[in-house]
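In: could you look at this predicted model? Sequence included:
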Amino acid sequence: MTGWGLQSVLRAIYPPQCLTCRADVATDFGLCATCWRDTPFIAGLCCDACGIPLPGEDDQPVLCDDCLEHPRVWQQGRAAMLYADNGRRLVLALKHGDRLDLARPAGGWLTRAAAPILRQGMIVAPIPLHWMRLLKRRYNQSALLARVVAKEAGLEHCPDLLHRPRSTGTQDGKGWEGRFANMEGAIRIHPRRGYLLEGRHVLLVDDVMTSGATFHAAALACHEAGADAVSVLALARVAKDA
């Protein structure tokens, strides 16, 4: 039996199912119509720094109020979806539910969202986990996403460009200033990877962006190590009123 024939047999036995509800779908790694409708993908005008959706249809780069009030240390940013409804469920399934199969489609959504900010010669790196959290979780969801983005965009990927020398605990319940203070100095360049950054544009990838404190710490570390520019990419963006 040829490869195509075997694939047809497997599809007949195991038809593609929706990533969320397991309903039958036309292609692998897809969402059914209902789950697609309930997933708040970001489209249209968005903040050029943090990716949050904005009203209007301006073709020029614009910034949201938060990014105007608190200028970012990175150049540009995008997110694939809002951290709400099915977007939240997908992120939590990847992050805590051992749904590693979600990394491939989520990485594709990320790559499409990142299209306006991708640059030739970028190096893609994930936000790191502290070793204790990595030991408990067994994988870094951001590293899985970054690998897919780098592959689909044809960019260099360095999964251990950054490391997290101290545990920062949870950011839940902390305000803007508390989140940034908690992350200060918490992310560093891996001592054997600093040579990769001189004059480079880094694309940092994470699963969720709330205040941007984690991206801030990672971007500062990249700049201090000689990076020419830093952009950020999150699977989900927490809305201000979420």
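Out: Received, thanks.
In: lowest confidence element among the helices and strands of the chain?
Out: Every helix and strand in the chain was compared by mean pLDDT, DSSP states H and E; the lowest is helix 3-13, with a mean of 45.
In: please compute how far stretch 214-227 lies from its chain's middle.
Out: Mean-position distance between stretch 214-227 and its chain equals 16 Å (C-alpha atoms, centre = their mean, to the nearest Å).
In: where are the low-confidence patches of the protein?
Out: 1-14, 241-242 (pLDDT under 70).
In: for this protein, which segments count as helices?
Out: For the chain, the helices defined by DSSP state H cover 3-13, 33-37, 65-69, 85-96, 103-114, 131-137, 141-153, 176-183, 213-224.
In: partner residues bridging the residue lying closest to Arg119 once chain neighbours are set aside?
Out: Closest residue in space to Arg119, ignoring its immediate chain neighbours: His201 at 5.3 Å, by C-beta to C-beta, 6 or more residues apart in numbering. Glycine gets a C-beta too; all of them are placed from N, C-alpha and C. With DSSP bridges as the criterion, His201 is bridged to Ala229.
In: got the contact list for His201?
Out: Taking C-beta atoms under 8 Å, 6 or more residues apart in numbering, we find His201 in contact with Gln75, Arg119, Gly121, Met122, Ile123, Ala227, Asp228, Ala229, Val230, Ser231.
In: find the nearest non-adjacent residue to the last one, please.
Out: Right, Ser231. Going by C-beta to C-beta, 6+ apart, Ser231 has Gln76 as its nearest residue, at 4.6 Å.
In: could the helices of the chain be laid out in JSON lines, adding distance to Pro191?
Out: Formatted as JSON lines, the helices of the chain follow (distance: least, C-beta to C-beta, whole Å):
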{"stretch": "helix 3-13", "distance to Pro191": "45"}
{"stretch": "helix 33-37", "distance to Pro191": "43"}
{"stretch": "helix 65-69", "distance to Pro191": "32"}
{"stretch": "helix 85-96", "distance to Pro191": "28"}
{"stretch": "helix 103-114", "distance to Pro191": "28"}
{"stretch": "helix 131-137", "distance to Pro191": "15"}
{"stretch": "helix 141-153", "distance to Pro191": "19"}
{"stretch": "helix 176-183", "distance to Pro191": "20"}
{"stretch": "helix 213-224", "distance to Pro191": "12"}
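In: so which of those helices gets nearest Leu162?
Out: Among the helices of the chain, the nearest to Leu162 by C-beta to C-beta is helix 213-224 (5.7 Å).
In: show me what the closest one is packed up against.
Out: Judged by 3 or more C-beta pairs under 8 Å, 6 or more residues apart in numbering; DSSP states H and E, the packing partners of helix 213-224 are strand 162-163, helix 176-183, strand 188-189, strand 201-209, strand 229-237.
In: swap in 10 Å and give it another go.
Out: Counting contacts by 3 or more C-beta pairs under 10 Å, 6 or more residues apart in numbering; DSSP states H and E, helix 213-224 packs against strand 123-126, strand 162-163, helix 176-183, strand 188-189, strand 201-209, strand 229-237.
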